[in-house]
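Student: model the following, please.
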Amino acid sequence: MTEPHTHATHPGIVKRLKRADGHLRHVIDMIESGKPCADIAMQLLAVERAVSAAKRVLIHDHIDHCLGQDGGQSFAEMRAMAKLL
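Tutor: A predicted model of the protein is given here:
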């Protein structure tokens with residue numbers, strides 16, 4: 001069994017994603033209750049930005065702390081990670 005892979009940024013990322021989860025649940029409630037589309041779209045934008053910010057922090061942390069530690073695949077992995085930004 002492998003060791004857990006954690007970084008100092010992970011708790012903050014979890015916090016961001018839980019906030020996005022709450023926003024998403026609110027969006028679902030808005031749709032089910034017939035709220036205006038413009039209001040729903042605004043909330044979806046907030047969800048999208050929260051998830052995007054969490055992804056960006058995770059990728060930057062990975063680049064800063066993980067690349068080069070497994071030997072030799074740093075450049076290829078950096079290119080792959082950059083595509084996710």
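Student: can you give me the buried ones in the helix of greatest length in the chain?
Tutor: For the chain, the helix reaching the highest residue count under DSSP state H is reported as helix 37-65. In terms of neighbour count (16 or more other CB atoms under 10 Å), helix 37-65 has its buried residues at Ile40, Gln43, Val47, Ala50, Val51, Ala54, Val57, Leu58, Asp61, His62, Ile63. Placement of C-beta: from N, CA and C, glycine included.
Student: so what secondary structure elements neighbour that helix?
Tutor: Helix 37-65 makes packing contacts with helix 10-32, helix 74-83 when contacts are defined by 3 or more CB pairs under 8 Å, 6 or more residues apart in numbering; DSSP states H and E.
Student: tabulate the ones you listed (JSON lines), appending distance to Pro4 and mean neighbour count.
Tutor: What follows is the helices and strands packed on helix 37-65, written out as JSON lines (distance: least, CB to CB, whole Å; neighbours: other CB atoms under 10 Å):
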{"stretch": "helix 10-32", "distance to Pro4": "10", "mean neighbour count": "14"}
{"stretch": "helix 74-83", "distance to Pro4": "20", "mean neighbour count": "12"}
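Student: which of the ones you listed comes out lowest on mean pLDDT?
Tutor: Comparing mean pLDDT across the helices and strands packed on helix 37-65, the lowest value falls on helix 74-83: a mean of 74.
Student: starting at the chain centroid, how far to that helix?
Tutor: How far helix 74-83 lies from its chain's middle: 18 Å, per CA atoms, centre = their mean, to the nearest Å.
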